[in-house]
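Participant: model the following, please.
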Amino acid sequence: MTTRDGRRSDALSADARSEAAQVLLVAEQPAVWDRAVAAIEDHADRFEVTPAADAAEGLGVVDSGEIDCVVSGYDLSETDGVEFLRAVRERDRDLPFVLFTAHGSEAVASEAVAAGVDEYLPVDDDPDDSGNPDDSGDSYATLASRVDRAVSRSRTERRVTEHLDRMTDAFCGIDEDWRLTYLNERAAELLGRDAGELLGERIWDRFEALRGTVLETEFREAMATGEPTAFEFHFDGPALDLAIDAYPSDTGLSVYFRDVTEEKERERELRELSERFRLAIEGADAGVWDWDVRTDEVRFDERWAGMLGYDQSEIAFELTEWEDRVHPDDLSKVWAALESHFAGETEYYQCDHRMETKSGDWKWIRDRGRVVERTDEGEPVRAVGIHIDVTEEKKRERDLERYRRLVDELPDSVAVYDADGRFSVVNDRTAEVYDTTPEELVGRRSRLVSRLRETREDDPFAALVAGDRETLSGTVELDLPARSDAIVDFGFRRLVIDGEFDGVLGTSRDVTEKRRRQRELERTSARLEALYEDSPDMIDIHDEAGQIVDANPVMAAELGYDREEIVGMDVWEIDEELDPREGPDLWQSLQMDETRRLETTFRRADGTSFPVEVQVRRVDVQGEDRFLATSRDISERRAYERRIERENERLDEFASIVSHDLRNPLNVLSGYLRLARETGNESYFERCDTALDEMERLIDDVLTLARQGDAVGSVDPVPLGELATRHATDVLGPVEGAGSVDADGGDADGEDSDGGDADGENGGDIPDRLDVAVETEGDVLADPGRVKRLLQNLFRNAAEHGGDRIVVGDIPDGFYVEDDGPGIPESRRDEVFQSGHTTSESGTGFGLAIVERIAEAHGWEVTLTEGETGGARFEFTGVERP
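Facilitator: Here you go, the predicted model:
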């Protein structure tokens with residue numbers, strides 16, 4: 001049995017199995033009787049067995065209509081089980097019947113099947129010891145099972161039948177051989193045939209007129225392609241206009257159809273009523289009235305009186321004869337129209353109202369008139385007018401309005417087109433589609449008709465107008481004001497009234513969303529597959545237990561696994577921060593289609609790890625909960641965030657320097673300038689110069705610190721020993737027998753490369769001579785200018801803290817700079833690289849901070865340790881060599 005929803009049949013089956021069932025048992029032997037009753041009732045609590053001694057008693061129970069299944073033996077008194085079956089089938093052809101006999105044979109079985117038995121089961125009184133009814137031959141247990149199956153099947157089919165019979169649409173089932181397998185009551189009613197007469201018949205044999213029609217074409221195409229179809233069809237026997245929906249399946253077609261004949265007839269009647277309405281107006285008789293407004297004397301002619309069923313002699317020439325007969329609900333409206341005309345606000349008076357006839361009925365009257373005489377002051381003196389009986393017109397108007405509303409309420413666009421494809425009648429839905437009013441749309445060309453003529457060479461619309469075809473249907477893409485590139489299903493029918501062509505009646509429906517959903521579903525599937533496979537992000541899908549059921553190639557590559565290896569792994573085998581106990585709770589807290597973002601760490605197959613941003617979304621995949629995780633490596637972002645943090649720290653350092661360290665020499669300068677002005681003592685100006693020198697050195701170091709950021713310039717092979725020798729001379733004088741200079745760092749040009757002056761006024765106790773020993777060989781890859789500054793700061797640091805000798809040498813992964821000064825206690829070694837930290841009266845506290853920045857910019861690591869003689873030893877590791 002075919003239904004629109006297969007789940008409906010499952011539900012009906014389940015209901016059928018759960019309800020109580022009455023079983024009639026007609027047994028040939030008492031022993032069989034007892035065992036059968038026990039087996040059936042023990043099988044399920046819902047079964048109640050009613051025994052009958054013979055076939056006659058059994059038929060009486062069947063006639064009661066309360067039996068769900070009959071179980072009968074073969075040898076019955078006065079008849080046999082097959083004859084009893086035939087008698088039951090005469091009463092109810094669908095009642096399940098089980099023939100259960102100890103005297104069966106192939107002949108009996110064949111005869112029973114021909115008579116319509118549902119189950120044939122021989123009695124086996126010698127079951128084996130296996131305990132399995134199907135294997136042991138326990139025919140009584142098998143009987144109970146067969147009864148259960150027959151009752152459930154019967155009830156399910158009956159309920160499906162009742163469901164289809166209650167449908168307002170007609171329904172029929174057609175198998176693969178084009179035979180009718182089912183018709184509901186509505187279908188049989190529409191076709192005017194008995195369902196039993198048609199079942200099993202091929203539709204092309206039973207309805208030969210269908211051959212070669214659009215119905216055959218649509219049905220055969222649906223059966224061949226497996227795609228549903230919907231169309232309209234005029235059926236000649238009996239004459240019906242049908243709207244048909246056909247759904248193909250593995251077993252044939254399920255066809256739903258409904259009678260739209262009345263809709264078509266109403267459309268034709270609408271045109272006919274409009275024509276009759278016009279003729280009624282033109283041929284209406286009019287009664288005349290003549291009113292003396294000053295005396296309220298009114299003369300009514302014979303047709304005026306006759307219109308209301310009176311003789312003229314029965315009507316007095318008084319205004320009350322008219323006023324008393326106007327419907328009370330219309331009187332105020334009538335007087336308002338009269339007063340408006342009397343006041344000169346309207347050219348003439350007109351009002352439709354009801355008047356009571358002599359028989360007590362009400363007629364609609366169209367009352368029209370005008371003032372034909374006025375006083376010099378403009379007051380009305382005399383008015384004349386006519387009465388027209390418009391009762392039929394009003395009735396037609398109500399009918400037209402009723403039909404109009406019926407058409408306007410239709411969800412489809414309905415219109416009548418003239419021979420040129422212009423709108424002559426439209427419903428509200430059509431006007432809405434064109435974003436205008438029905439009145440403005442009438443007379444305009446139809447875009448649908450124009451589109452058909454542009455895209456089809458044979459001009460099917462012209463064929464409709466010419467009478468070469470009666471109907472036309474299909475689907476087109478259309479540019480409409482309310483929607484560009486709309487997809488429209490349409491149906492046209494040639495409209496003939498009184499034997500003459502009156503236009504083309506068209507219905508159309510916007511199916512854009514439906515068709516685009518179908519197309520989008522196909523495109524989306526392809527896009528999703530491409531997105532999943534080709535996404536630059538890592539994507540995996542896991543179930544509610546955390547097991548990965550799929551992963552894209554990027555994830556496999558990033559983690560260092562084969563794709564097949566990842567499938568089956570648990571999420572926490574990859575996510576280092578995910579607790580296996582908390583993960584399922586997190587996923588279950590998500591609503592369907594809700595996305596949650598988090599940051600965590602993934603572990604690769606080689607044991608390394610990296611930070612990721614993960615977005616987890618709960619999705620429904622064919623009724624099962626799944627979790628779609630999109631992950632992205634955020635190592636670069638984390639590094640950028642760390643750089644920003646360092647820059648912010650550096651800004652804080654600069655703010656501290658400007659607000660604190662520069663304030664001290666400024667205060668000194670300000671104080672000594674004030675004393676110089678007050679005392680005239682020029683020695684204070686020398687102290688001002690000293691403060692300015694201190695500020696200059698401080699500013700120079702601050703600028704150097706700001707410029708020695710994370711980036712380096714060009715990286716070249718740098719001879720470290722040569723660079724150390726050359727730039728040690730710049731700071732300290734000759735190295736290793738190259739001569740001697742003052743330890744303040746003055747060079748041959750009298751300029752101080754680190755902010756000191758040529759006179760040696762450095763304000764500190766730097767020794768007269770400092771030796772630099774170079775014990776390094778080869779080159780390092782570095783920015784020469786940055787390395788120069790690094791060495792200068794280390795040399796100056798050694799000089800400022802009392803060192804006599806500096807050694808620059810190699811270590812396995814880099815180089816070192818070591819002095820023989822007092823050294824730095826281990827507890828304070830972490831502080832020396834902080835900006836502004838110094839223990840020297842002449843230092844600014846930025847030299848070693850600059851050294852650390854330069855090392856970091858090259859990717860080196862600087863470590864402060866104790867030298868061989870107890871001095872400070874700075875080791876630089878991670879240094880690359882050419």
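Participant: ok, now which ones touch the residue lying closest to D428 once chain neighbours are set aside?
Facilitator: Excluding its sequence neighbours, the residue lying closest to D428 (C-beta to C-beta, 6 or more residues apart in numbering) is D408, at 4.2 Å. In short, each C-beta sits where N, CA and C put it, glycine included. Applying C-beta atoms under 8 Å, 6 or more residues apart in numbering, we find D408 in contact with 427-429.
Participant: phi first, then psi, for D408.
Facilitator: Main-chain torsions, D408, degrees, to the nearest 10: phi -70, psi -30.
Participant: the one 5 residues further on now?
Facilitator: Main-chain torsions, S413, degrees, to the nearest 10: phi -80, psi 130.
Participant: check which helix or strand the closest residue to it other than its chain neighbours maps to.
Facilitator: Sequence neighbours aside, T430 is the residue nearest to S413 in space, at 4.1 Å (criterion: C-beta to C-beta, 6+ apart). Here T430 is covered by helix 428-433, with elements defined by DSSP states H and E.
Participant: give the buried residues for that helix.
Facilitator: 428-431, 433 (16 or more other C-beta atoms under 10 Å).
Participant: wait, T251 touches D175, no?
Facilitator: Yes: using C-beta atoms under 8 Å, T251 is in contact with D175, at 6.2 Å.
Participant: can you show me the helices along the stretch 351-500 of the chain?
Facilitator: 391-409, 428-433, 438-441, 447-455, 460-466 (DSSP state H, counting those that start in this stretch).
Participant: quick check: buried residues in the fourth one?
Facilitator: Burial within helix 447-455, assessed by neighbour count using 16+ other C-beta under 10 Å, is assigned to 447-449, 451-452.
Participant: now the residues you listed in TSV, with pLDDT?
Facilitator: Shown next, in TSV, are these (pLDDT from 0 to 100):
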residue	pLDDT
R447	89
L448	89
V449	90
R451	87
L452	87
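Participant: among these, which one sits closest to V554?
Facilitator: R451 (46.1 Å; C-beta to C-beta).
Participant: the closest one and P481: what is the separation?
Facilitator: 14 Å (C-beta to C-beta, to the nearest Å).
Participant: next up, the contacts around the residue nearest the centre of the chain.
Facilitator: Centroid-nearest residue in the chain, with C-alpha atoms, centre = their mean: D593, separated by 9.6 Å. Shown in contact with D593 (C-beta under 8 Å, 6+ apart): 617-619.
Participant: before we move on, what about D485?
Facilitator: 477-479, 512.
Participant: do that again at 10 Å, thanks
Facilitator: 477-479, 512, 516 (C-beta atoms under 10 Å, 6 or more residues apart in numbering).
Participant: how about those in TSV, adding neighbour count, distance to V32 and pLDDT?
Facilitator: Shown next, in TSV, are those (neighbours: other C-beta atoms under 10 Å; distance: C-beta to C-beta, whole Å; pLDDT from 0 to 100):
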residue	neighbour count	distance to V32	pLDDT
E477	13	73	86
L478	21	74	85
D479	10	79	84
T512	16	68	80
R516	14	67	72
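Participant: and which of the residues you listed is nearest T261?
Facilitator: Using C-beta to C-beta, L478 is the member of these that sits closest to T261, with 28.4 Å.
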